[in-house]
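K.L.:
got a structure for you, letters missing:
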């Protein structure tokens, strides 16, 4: 493998590592309205965007609600946990 290919591989690996998703997981405790309210307040979603995420989470079990690096997503993760919502960063 030449140096140029190694550099491309390293940059690609860094991009993949930095790309994370904040996932909202379904639960049986929170209402749709509460989840929507939290998504609007914490993630700056529009009401329609938040409602769509809530329905996707309900039917599929989880939904990506924000993308970015771990460092960027951590404050959103903490804020959602503080609101008793189940989230993860992957």
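P.N.:
Great, that's in hand. Only a predicted model underlies this, so the values are computations on that prediction, with no experimental measurement involved.
K.L.:
skipping adjacent residues, who's closest to the residue nearest in space to the middle of the chain in space?
P.N.:
In the chain, the centroid-proximal residue (C-alpha atoms, centre = their mean) is residue 22; its distance is 1.7 Å. Residue nearest to residue 22 in three dimensions, not counting chain neighbours: residue 66, with 4.0 Å by C-beta to C-beta, 6 or more residues apart in numbering. For every residue, glycine as well, the C-beta is placed using N, CA and C.
K.L.:
in the helix or strand harbouring the residue nearest to the centre of the chain, what counts as buried?
P.N.:
Using DSSP states H and E, residue 22 sits within strand 20-25. Within strand 20-25, the residues scored as buried using 16 or more other C-beta atoms under 10 Å are 20, 21, 22, 23, 24.
K.L.:
so which other helices or strands are in contact with the helix or strand following that strand?
P.N.:
Scanning forward in sequence from strand 20-25 by DSSP H and E, the next helix or strand is helix 32-43. Counting contacts by 3 or more C-beta pairs under 8 Å, 6 or more residues apart in numbering; DSSP states H and E, helix 32-43 packs against strand 20-25, helix 47-60, strand 62-68, helix 70-82.
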